[in-house]
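Trainee: predicted model and sequence follow; I will ask about them next.
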2 protein chains.
Amino acid sequence: MITIKEISKLTGISVRTLRYYEEIRLLIPLNKTEGGHRLYGEEELKRLQQILFLKNLGFKLKEIQRLLNDTWDWSTSLEHQLAFVLEEQEKLKQMENTLTGLKNALAIEGELNETLIQKMIKLSNRESEKKQAFRKQMFSNDEWQLVKSLPNLNRNDPNSLEWMGLLGQLKQLMSNGAESDSVQRIIKRMIEKSTEEYPDNEVFLEKMWDIRKSSSLSDKVGLYPLDEEFLNYVEQAFNIYETRELRGTSE
Amino acid sequence: MITIKEISKLTGISVRTLRYYEEIRLLIPLNKTEGGHRLYGEEELKRLQQILFLKNLGFKLKEIQRLLNDTWDWSTSLEHQLAFVLEEQEKLKQMENTLTGLKNALAIEGELNETLIQKMIKLSNRESEKKQAFRKQMFSNDEWQLVKSLPNLNRNDPNSLEWMGLLGQLKQLMSNGAESDSVQRIIKRMIEKSTEEYPDNEVFLEKMWDIRKSSSLSDKVGLYPLDEEFLNYVEQAFNIYETRELRGTSE
DNA sequence: ATACAAAATGACGTTACGTAAGTTTCAAGT
DNA sequence: ACTTGAAACTTACGTAACGTCATTTTGTAT
């Protein structure tokens, strides 16, 4: 015969909770003292552990009732619960993506103004839906593979991080002008990266920039929305870099 | 001016919910008719979409209040929420594991008798014990403070992003060897960056390496975990780069 | 017998709404 | 102007799983 406090200590569950479990008749004390103090036995302790175990698996108390009382259908319950857990994971992954997307946006822009949020909203609203439709419509399969490896700024790998870092720095340096040294060094690194990642296929890179230019399109692919002005500035910087390169090699 | 029903149709949110949002003063109608019918404007629709967006990310309504009303600290909120989401994912993964374990047990045994459940309980108890021990071991307050005060790469600017991206890529390319082209290009970029950002002293770089070298520390803070092997490899790559530079300039 | 800890009961608070029940308002048709 | 049916309104209870008081009893040691 164990008192409620001791059960509480043994299992880490609160006294209130134990009383609640009796209230909903999930765990009933073996008996009570004259004065009404609850007394539990070994059996009850074991049952409580089972309850906690199942609670950890995300079962609701009512489901636990059924699972522990008579012979219930464990198989379908487990299947159910597993499906639920997997679904929740999907949601959380989705949330994580959007959250890191926002974080990155914040890092690049320095603030989250309203229009940016609106863009993200639209982006995430029909994300899964349009992504797939767009994929079939616009890209061949191998091209799609490339898109996947492109700087999709919602992703979390080092490569994306560097792309984001470079883009963000470019944005910060807009006031310096497209021909400044720091800007040009960044451009150089970007070109280096892109030729490294997409060695033989510059056609695709061009396509890529086309996509990004029409920001409505880039929304659909899940790329980070970049505004017109910035894209033009980047293009200008690229052009400057290329003309300098030409001069450099012809001289 | 839009009626409540139309807002409901447009956003898919229930009428009851809209009334509730007014009750907690999260979304207040632009005005009301004589009879008290709610009327919303464009502004309110936009705000509602923002609300739903944030709700999807798992924010509570009260937090959304704060986020949307005055200028609030998005950065820490996002960080918080992301941490929460990651934690939840951990839990769910754990649950998934145990659930599939049970499913398999059920498939093999044909039934879940008591002893089997008890075994699973003990098993999962030990796991959580391990986790707790782990946590206690990992977190010590003063260490946390110390690292926080240092210039760490958790900062949210594009610059840090690029640094992290570069380091991450280096790690991914370890198998290529320190002398490979892609690695050396990254090294070059890092040197370029450091001389650009800290022209006359390398204090920052050194400090960074100090932090990172105590990899146990950097684990604790959630910085990119860098182990010994990796650090040596990076140092080697730097050396190769420098010797090549020397040869290049001396020839 | 008294003091003090531990236990008991009761009731309200929490989150984000769903779901009635009963009343009032709006817009259209006669 | 009057009726009527749909839509909107308010009020209030229910949900899940307890936490947190406040107040009263019981158990136990001295």
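Mentor: Yep, it's here.
Trainee: C-alpha from now on. contacts and neighbour counts both.
Mentor: Will do.
Trainee: can you give me the strands for chain A?
Mentor: A:2-3, A:31-32, A:38-40 (DSSP state E).
Trainee: so, low pLDDT: which residues of chain A?
Mentor: A:123-156, A:200-205, A:207-208, A:210-227, A:249-251 (pLDDT under 70).
Trainee: do a quick rundown of the helices in the stretch 151-251 of chain A.
Mentor: For the stretch 151-251 of chain A, applying DSSP state H, counting those that start in this stretch gives helices covering A:158-172, A:181-197, A:202-213, A:215-221, A:228-250.
Trainee: out of these, deepest packed?
Mentor: Neighbour counts (mean count of other Cα atoms under 10 Å in any protein chain shown) averaged over each of those peak at helix A:158-172, with a mean of 23.
Trainee: check whether that one comes near chain B.
Mentor: Yes. Using Cα under 8 Å from any Cα of the partner chain, helix A:158-172 reaches chain B at A:158-169.
Trainee: which residue packs closest to residue A:7, ignoring adjacent ones?
Mentor: Spatial nearest neighbour of residue A:7, chain neighbours left out: residue A:45 (7.2 Å); criterion: Cα to Cα, 6 or more residues apart in numbering or on different chains.
Trainee: brain fart, residue A:171
Mentor: In space, residue A:171 is closest to residue A:230, 7.0 Å off (Cα to Cα, 6+ apart).
Trainee: get me the contact residues on chain A for DNA strand D.
Mentor: Residues of chain A found near DNA strand D (Cα under 7 Å from any atom of the strand) are A:14-17, A:20, A:33-37, A:59-62.
Trainee: export those to CSV and append columns for neighbour count.
Mentor: Output for the residues of chain A next to DNA strand D, formatted as CSV (neighbours: other Cα atoms under 10 Å in any protein chain shown):
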residue, neighbour count
A:14, 14
A:15, 15
A:16, 11
A:17, 11
A:20, 13
A:33, 8
A:34, 7
A:35, 6
A:36, 8
A:37, 11
A:59, 19
A:60, 12
A:61, 16
A:62, 10
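Trainee: ok, so of these, who is nearest chain B?
Mentor: residue A:59 (10.4 Å; Cα to the nearest Cα).
Trainee: tell me the backbone dihedrals of that closest one, please.
Mentor: Backbone geometry at residue A:59, expressed as degrees, to the nearest 10, gives phi -70, psi 150.
Trainee: same check, this time on residue A:70
Mentor: phi -80, psi -170.
Trainee: swap in residue A:14?
Mentor: The phi/psi pair for residue A:14 (degrees, to the nearest 10) reads phi -80, psi 160.
Trainee: now do the same contact list for the closest residue to it other than its chain neighbours.
Mentor: Closest residue to residue A:14 apart from its sequence neighbours, by Cα to Cα, 6+ apart: residue A:8 at 5.6 Å. Residue A:8 makes contacts with A:14-15, A:18, as judged by Cα atoms under 8 Å, 6 or more residues apart in numbering or on different chains.
Trainee: quick check: nearest residue in space to residue A:158, chain neighbours excluded?
Mentor: residue B:165 (4.0 Å).
Trainee: and the gap between that neighbour and DNA strand C?
Mentor: Going from residue B:165 to DNA strand C by Cα to the nearest atom of the strand, to the nearest Å gives 35 Å.
Trainee: ok now stretch A:82-96, how far from the chain's centre?
Mentor: 10 Å (Cα atoms, centre = their mean, to the nearest Å).
Trainee: I should have written stretch A:23-30 there, sorry.
Mentor: 41 Å.
Trainee: need the residues that contact that stretch.
Mentor: Residues contacting stretch A:23-30 (Cα under 8 Å, 6+ apart): A:18, A:21-22, A:38-41, A:44, A:47-48, A:61, A:65.
Trainee: buried among the residues you listed? Need that as a selection in PyMOL.
Mentor: Entered in PyMOL, the line below selects the buried ones among the contacts of stretch A:23-30, by 16 or more other Cα atoms under 10 Å in any protein chain shown:
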select buried, chain A and resi 18+21+38+39+40+44+47+48+61+65
